[in-house]
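Engineer: What follows is a predicted protein model with its sequence.
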Amino acid sequence: MALSAAKPLIRRHTEIGIFLIGAILIVIFASTSDGRWANLYNIGTIMQVTATLGLMSLGVAIVIGTGEIDISVGSTFGMGALAHLWLAARVDPVFAALVAIVVGAAIGYLNGWLITRTKTPSLIITLGTLMIFRGIAIALTDGFSFSIPYAARNGWTYSLLGGGDFLGFNTALFWLIATFAVLIVVLKAMPFGNRLLAVGGSADSAHSRGVRVERIKLSAFVICGMLAAFAGALEAGKLGFADGSMGRLMELQAIASCVLGGCLLAGGRISLIGALMGAFVLSSIQSYLVVTGVQPQWFILILGLIVVGAAYGDKSLRNWAIRK
Amino acid sequence: MTQNPLIQVKNLDLYFGAFHALKNVSVDFNAGELIGLVGDNGAGKTTLIRVLCGIHAPTKGDVFFDGKKVEKFHPKLAIDQGIETIQQSVGLCDNLSIARNFYLGREPVKRILGIPFLDFAKMREKSSRVIRQFGLRENVSADDEVERLSGGERQSVKIGRAVEFKNRVVIMDEPTNHLSVREREHVNELAVQLKEQGLLVIYITHDIFQVHKLADRIVIMENGEKVADASTDSMSAEALEDVIRQGGRVVEKEAV
């Protein structure tokens, strides 16, 4: 059968499943929403959501590559958003975004440091920091939201950092593309990437070859924190306001994006393009529910069902591809 | 062999939690020597060499390399000193290609604007040559993931890598596991060649008869202790086998 020619391709590329799912969903969404989903404006919105979720997913994918997990990214996103917006009203947004990234790096460093020092599972540590930084974010804002004055939104640097559009798309999308390009090169064509995947494949083997396993893991958490906080900064720039709950539950979407995109939670095998496609699919579903008037409280439920269904579909596809 | 030992282990103790894995072990290893490290499972052979290659740090006691006391234990430092190890259960990452495994931790780079990029051409070329030399299947390429390889092929990649990067010391932990008869002979010949080139070769095995033919000296371990240390000229393989069978002790003095 002609279909079986695709088997080796599917075996080699774990991200094919999410692309198929994406294609199927696009057809369904476009044909059942009466043009409300598949129009330029809505696609632009989906792309903006994909951009911030995608940046977060790329970071999570890097951490998953080392065989660890970071579920604190939702709170890191929130901290990045607060830092950026609070500062952007006072100093140049470029400086504000840099500070947000530094905040994210610090949270990532704390995660990585605690995990490598105490040898505690990253799931536990980052569950803790997820709550800690959410608590700090809510305490800092006193439970209220704050917005940036319109006068401060006019500069081109503010637009550049999520606050405006370029070629019809929010600038966050271009940051995502640039980040993706850099990370692909780092992962595939630099010694750091080779060691990172080695650590996820077998930390003991990597260690025996002289790789500084803990340093690699720490770096992965720092990168992840930076990307999550930067995504938060871009989101805050887009919205023009921020509150202590920004990014809540986003960590789950980011992890789902990675897993659906073909990243193996055990580590060593990740697909950055798959993680991005995962983020796009999740954003598309969210948007579809909005444009078709489904109550937002159903979103998580339906998302969960689709994640389970997609994971099952992907597994079936993989089993089929493995069979001779 | 009158110069200082290349590696000197002095009164080494190692605990894993409450487990006393190495008990007051002292051994000298000389350059240009092929040493057979023999003992039953759990005797502490692998633990001892894992100290030498930096994976474990000793709880007590000292290791001297080239007369200098080793202060910090990490595989990176051992490799930088010129110690190549063929580990038994670790050493290859299944998810990476042969070429990437080959150079893991010491990747050759080409710098563009100061940024280090992997030198794929070099990685492929050298690792391809080695895997051909070690007789991997024709259709295996340096870009294939290690996961695809058979047990013997994996072992060949590890051996090839150690020989390629040989420097001053080559440690082989059960190197002939998973290998065919012909491949075994090849590995044993390599061990002797390396020694003749002036390297220190530490050869770990269960098989006293096999290693007795190759080695200059045999060190026997039992329950984390060294129980015999004798030149192969002074003791026959049969006599050494008796030492292992009786758990050492009895002949310890006369062995030295």
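Structural biologist: Good, I have the coordinates.
Engineer: Show the pLDDT at A:Leu40.
Structural biologist: According to the prediction, A:Leu40 has pLDDT 87.
Engineer: Kindly report the same for B:Gly17.
Structural biologist: On pLDDT, B:Gly17 comes in at 89.
Engineer: With B:Gly54 instead?
Structural biologist: For B:Gly54, the predicted pLDDT is 93.
Engineer: Neighbours of it, how many?
Structural biologist: 24 (other C-beta atoms under 10 Å in any protein chain shown). Where you see a C-beta, it was placed from the backbone N, CA and C, and this is true even at glycine.
Engineer: List the contacts of it.
Structural biologist: Counting by C-beta atoms under 8 Å, 6 or more residues apart in numbering or on different chains, B:Gly54 touches A:210, B:73-79, B:83.
Engineer: so which of those comes closest to B:Asn223?
Structural biologist: Lowest distance from B:Asn223 to the contacts of B:Gly54 (C-beta to C-beta) belongs to B:Phe73, with 22.9 Å.
Engineer: correct me, but that closest one touches B:His56?
Structural biologist: Yes. Look at B:Phe73 against B:His56 with C-beta atoms under 8 Å: they come within range, at 6.9 Å.
Engineer: if we can go back for a sec, please check the contacts of B:Gly54 and keep the buried ones.
Structural biologist: Listed as buried from these are A:210, B:73, B:75-79, B:83; burial here means 16 or more other C-beta atoms under 10 Å in any protein chain shown.
Engineer: Okay, and which of those residues map to helices?
Structural biologist: Counting by DSSP state H, the buried ones among the contacts of B:Gly54 place B:75-79 in helices.
Engineer: Now render those residues as CSV, adding distance to A:Ala228 and pLDDT.
Structural biologist: Shown next, in CSV, are those (distance: C-beta to C-beta, whole Å; pLDDT from 0 to 100):
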residue, distance to A:Ala228, pLDDT
B:Pro75, 32, 94
B:Lys76, 30, 94
B:Leu77, 35, 94
B:Ala78, 37, 94
B:Ile79, 35, 93
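Engineer: Neighbours of A:Ser75, how many?
Structural biologist: 30.
Engineer: Ok, B:Met221 next?
Structural biologist: Using other C-beta under 10 Å, B:Met221 has 28 other residues around it.
Engineer: residue contacts, it?
Structural biologist: Counting by C-beta under 8 Å, 6+ apart, B:Met221 touches B:25, B:37-39, B:43-45, B:48, B:227.
Engineer: same deal with A:Leu265?
Structural biologist: Counted by C-beta under 8 Å, 6+ apart, A:Leu265 has contacts A:64, A:69, A:259.
Engineer: Give me the distance between the two termini of stretch B:139-151.
Structural biologist: Length of stretch B:139-151, first residue to last, C-alpha to C-alpha, to the nearest Å: 16 Å.
Engineer: Now do the buried residues in stretch B:77-96.
Structural biologist: Under the neighbour-count criterion of 16+ other C-beta under 10 Å, stretch B:77-96 has B:77-79, B:81-88, B:90-96 buried.
Engineer: distance between the ends of it?
Structural biologist: Counting by C-alpha to C-alpha, you get 23 Å between the two ends of stretch B:77-96.
Engineer: That stretch: how far from the chain's middle?
Structural biologist: Centroid separation for stretch B:77-96 versus its chain: 9 Å, with C-alpha atoms, centre = their mean, to the nearest Å.
Engineer: Tell me where the stretch 151-256 of chain B has strands.
Structural biologist: Secondary structure of the stretch 151-256 of chain B, counting by DSSP state E, counting those that start in this stretch: strands at B:169-173, B:200-205, B:217-222, B:225-231.
Engineer: close to chain A, is the second one?
Structural biologist: No. Judged by C-beta under 8 Å from any C-beta of the partner chain, strand B:200-205 and chain A are separated, with a smallest distance of 14.8 Å.
Engineer: what's the angle between that strand and strand B:217-222?
Structural biologist: Orientation check (axes from the mean of the first three to the mean of the last three C-alpha atoms, to 10 degrees): strand B:200-205 against strand B:217-222 gives 40 degrees.
Engineer: For strand B:200-205, which outside residues touch it?
Structural biologist: B:6-7, B:29-38, B:45-46, B:49, B:52, B:88, B:168-176, B:191, B:194-195, B:211, B:214-215.
Engineer: Reformat the ones in helices among the buried ones among the contacts of B:Gly54 as a markdown table; add distance to A:Leu110.
Structural biologist: Formatted as a markdown table, these follow (distance: C-beta to C-beta, whole Å):
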| residue | distance to A:Leu110 |
| --- | --- |
| B:Pro75 | 27 |
| B:Lys76 | 25 |
| B:Leu77 | 28 |
| B:Ala78 | 31 |
| B:Ile79 | 31 |
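Engineer: What is the nearest of those to A:Trp156?
Structural biologist: Of all these, A:Trp156 sits closest to B:Lys76, with 46.6 Å by C-beta to C-beta.
Engineer: right, and that closest one touches B:Leu104 too?
Structural biologist: No. The pair B:Lys76 and B:Leu104 fails to qualify as a contact (C-beta under 8 Å) at a distance of 11.4 Å.
Engineer: Name the residues contacting each of those two.
Structural biologist: Common contacts of B:Lys76 and B:Leu104 (C-beta under 8 Å, 6+ apart): A:Val211.
Engineer: who does the one helix or strand A:Ala279 maps to touch, helix- and strand-wise?
Structural biologist: A:Ala279 is part of helix A:272-291, with elements assigned from DSSP states H and E. Here helix A:272-291 touches helix A:16-32, helix A:40-65, helix A:171-189, helix A:250-260, helix A:299-322, going by 3 or more C-beta pairs under 8 Å, 6 or more residues apart in numbering or on different chains; DSSP states H and E.
Engineer: Now do the strands for the stretch 51-200 of chain A: every range, in order, please.
Structural biologist: For the stretch 51-200 of chain A, applying DSSP E, counting those that start in this stretch gives strands covering A:146-147, A:165-166, A:169-170.
Engineer: coming back round to it: point out the ones among the contacts of B:Met221 that are inside helices.
Structural biologist: Using DSSP H, these in helices are B:45, B:48.
Engineer: OK, contacts around residue 108?
Structural biologist: By default, I'm working from chain A. A:70, A:76, A:221-226.
Engineer: Actually, chain B is the one I wanted.
Structural biologist: B:Pro108 touches B:118-119, B:122-123, counting by C-beta under 8 Å, 6+ apart.
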